[in-house]
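Visitor: missing the sequence, but the structure's below:
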């Protein structure tokens, strides 16, 4: 990728936006996403959350894998580590173990998370690594120009499924609930403020928080996960949803025809760091 | 080498579950306690219990020894069918100890006594019966034989008793008592026997290491080096023969305030180590060839994003699952070149147990200085073999305090800044004002994705390693033997170098002008030192435990010169006799054309 030269005429506009403070968390690089991409909402949401939580830039590390969503670390002014395809969670786990004072946010797309990286998710979840995992799920491989992903719908036509996708899509929420994630939520890129609030809430959770963000790929998906379709289908979790009830959470997660946004499930339990400290105590260590 | 003083080798052979390895363990620890130099190596089957063959070989010497001998002085059978093929490895006038109790179920020719050569000395006694008399069980046969050897060769009993008590310290007192009873019963029988062989066990001798020595395996030495270097984070996944590194650190790291995590696979292990290394934590992982294959992509990330990480690789027979419990040196190419792109990393291959300790102790410093992955390449023969080591008192592997960068010196801060040494100023997450993103994409000095700068950055990543071959305190190569021009130079790496040294001393004793050189740093190669060695040697022989001659190929390509290869892919260590035959042949060849020219 070539260096981007910032167009000068943006400066004035940027001055205005800087005034609200959320821009502080943006880097000088402009996002490389297509105009209209749902990922712009996540960029706004995450910078909103960082500001909202009063975090210092130096104490935040955004770790990502490979894919459109994984370009995110370049667009924030915190520390960042753009790693390998599918390996965001083990690297982020290492970062958190290496320095527990850091706030770690792992970012990736659906291919990065559920295809090549699928084997790592259960372990980050069950260990309850104290970090936030944001998965921007557009049901397609965008960076390689539109192939079928593990969350693509049955019958979806792409360059890798020209005769329609015959594989049943994964249900990421059901996976994370059964893996033992201690915070599971869903948001929609079309509802920006809700998304920003959900990221803030996920990052406030002590333990492994997983937020799936339904996000249209406006370039390669003109039929399924479009803003038009999602605007019609997406609903909020019922007001009486008890998010301490795992069975209720699973019940909601199974209603994939009308995906609900909100906090599906949360529980308090020892984080990996706390578990390792307990191990050290049992071993007779000083910590 | 000098054969004066004690230099004997005992081999104990049995079936998995006979206590063969346990018996060998007591033998070698007792010998080390007596002050002998000990080298020991166990061969065992992949099955935990059943009918697989186990052999424990222990060389006990009053002088420095570099490898096991190919001929044992004493062979002890706990299972005749497994031991019979090994009778031939006992030297003439050496001893074969076995159970001579008549067992009606043994088939014709199934008893070991029928296979002992005329020149070997058979010692048969009722091992099982004595075990049963002493402890009401046949399970202490492996202890009875130790007592027998101690009695026969007049070895100090108290050392054995001490080791037996320590070994079973966590068991009920009755177990300790039974084992001591079995040992004492063996001693009585051994003392009553007329000694007919010519095996001599003398005093430990002046050169012996005495009580300062610690007996450890290569893997144990790696852990000791890591702990002295104050390793902070370890991530591992079980794989033979590297597992014992993980198991030991699982015990030692938590009480020392370190982080230990058993990950879901090898990819995660190195990924997490790189993540921790990125934050400034001293992080490592250990694996074998199959695990290294999985780690190859992550090594590339470490090189590209310039993150320090230490990876121990203990090779076993390959490819694929290969020979999990047998040794081989066939992952050199993978360690040096594995992964995509031009991705030079540092590869250290210690040649003995002490080298494992030193290299592991220095690996973090090196990784941090050069901001790149460091691979410690050993193999099963080195991982599992015991050597008596005197840990050097002057060595200190503790990290020096980090000096944080000053913000005013770095405006704007560039994580991958071009410098004279090609090493860039490294800030850590959490340090104010230095926020940056690192990536596996090609990037400019600031870390932003950039293709146009690829050539310059590739040069930077390679050139920064140039000074590694002169790293202070690390012998990245060492020459032994005759000075000046020699007929044959033996060039080696890793565990094989012990046999190479033994060969060189034997060749010198035969009057062959001979030198040997070990190369510890395989990447980057110490090319200048190799050039000097090549210039001094008429013939160069490279023995190694693989079929393709991977080290020979590496050196040949770097120097543009041919070498004579000696490749063995048998799963066993290379044999001194075979190297020696090749040295003899080359020494004749080296002189033939020269005398014709004269």
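Guide: All right, it came through fine. The shown structure was predicted, so the numbers you read here are calculated from the model rather than taken from an experiment.
Visitor: how about residue A:193, secondary structure?
Guide: Assigned by DSSP: H, G, I helix; E, B strand; the rest coil, the conformation of residue A:193 is helix.
Visitor: and for it, the neighbour number?
Guide: 11 (other CB atoms under 10 Å in any protein chain shown). To be clear about C-beta, it is placed using only N, CA and C from the backbone, and glycine gets the same treatment.
Visitor: and residue B:250, by the same measure?
Guide: Neighbours of residue B:250 under the rule other CB under 10 Å: 16.
Visitor: where does chain A dip in pLDDT?
Guide: By pLDDT under 70, the low-scoring segments of chain A are A:1-3, A:5-8, A:22, A:285-287.
Visitor: which strand or helix spans the closest residue to chain B within it?
Guide: Taking CB to the nearest CB as the measure, chain A has residue A:94 as its residue closest to chain B, at 2.5 Å. Assigned by DSSP states H and E, residue A:94 belongs to helix A:88-98.
Visitor: what's the answer for residue B:374, then?
Guide: strand B:373-379.
Visitor: ranges for the helices of chain A?
Guide: A:10-18, A:39-52, A:88-98, A:110, A:121-127, A:172-179, A:192-204, A:227-233, A:246-253, A:272-282 (DSSP state H).
Visitor: mind checking how far stretch B:250-266 is from the chain centre?
Guide: Put simply, stretch B:250-266 sits 23 Å off its chain's centre (CA atoms, centre = their mean, to the nearest Å).
Visitor: residues contacting residue A:67?
Guide: Residues in contact with residue A:67 (CB atoms under 8 Å, 6 or more residues apart in numbering or on different chains) are A:85, A:108, A:109, A:111, A:112, A:141, A:142, A:143.
Visitor: if we use 10 Å, what do you get?
Guide: Applying CB atoms under 10 Å, 6 or more residues apart in numbering or on different chains to residue A:67 gives the contacts A:85-86, A:88, A:107-113, A:116, A:136, A:138, A:141-144, A:149.
Visitor: again, but for residue B:344
Guide: Applying CB under 10 Å, 6+ apart, the residues near residue B:344 are B:303, B:336-337, B:372, B:458, B:461-465, B:468, B:523-524.
Visitor: where's it, which helix or strand?
Guide: Counting by DSSP H and E, no helix or strand carries residue B:344.
Visitor: from chain A, how far off is it?
Guide: Taking CB to the nearest CB, to the nearest Å as the measure, residue B:344 and chain A are separated by 19 Å.
Visitor: cool, residue B:302 as well?
Guide: Distance, residue B:302 to chain A, by CB to the nearest CB: 10 Å.
Visitor: up against chain A, what does the stretch 251-400 of chain B have?
Guide: Counting by CB under 10 Å from any CB of the partner chain, the positions of the stretch 251-400 of chain B adjacent to chain A are B:251-265, B:267-283, B:297-298, B:300-301, B:304-305, B:307, B:309.
Visitor: just the buried subset of those, written out for ChimeraX, thanks.
Guide: Selecting only the buried entries of these in ChimeraX, with 16 or more other CB atoms under 10 Å in any protein chain shown as the criterion:
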select /B:252,253,254,255,256,258,259,260,261,263,264,265,267,268,269,270,271,272,273,274,275,276,277,278,279,280,281,282,283,297,298,300,301,304,305,307,309
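Visitor: now, which of the residues of the stretch 251-400 of chain B next to chain A lie within strands?
Guide: Those of these mapping onto strands are B:259, B:260, B:261, B:262, B:283, B:309, per DSSP state E.
Visitor: any idea how chain B splits into domains?
Guide: Domain segmentation of chain B under automatic domain parsing yields B:7-212, B:217-389, B:477-597.
Visitor: most packed of these?
Guide: Comparing the domains of chain B by mean neighbour count (mean count of other CB atoms under 10 Å in any protein chain shown), domain B:217-389 comes out on top with a mean of 24.
Visitor: ends of that one, what's the gap?
Guide: One end of domain B:217-389 sits 10 Å from the other (CA to CA, to the nearest Å).
Visitor: enumerate the residues of the stretch 51-200 of chain B near chain A.
Guide: Residues of the stretch 51-200 of chain B found near chain A (CB under 10 Å from any CB): none.
Visitor: residue ranges with poor pLDDT in the stretch 51-200 of chain B?
Guide: Ranges of the stretch 51-200 of chain B meeting pLDDT under 70: B:102-108.
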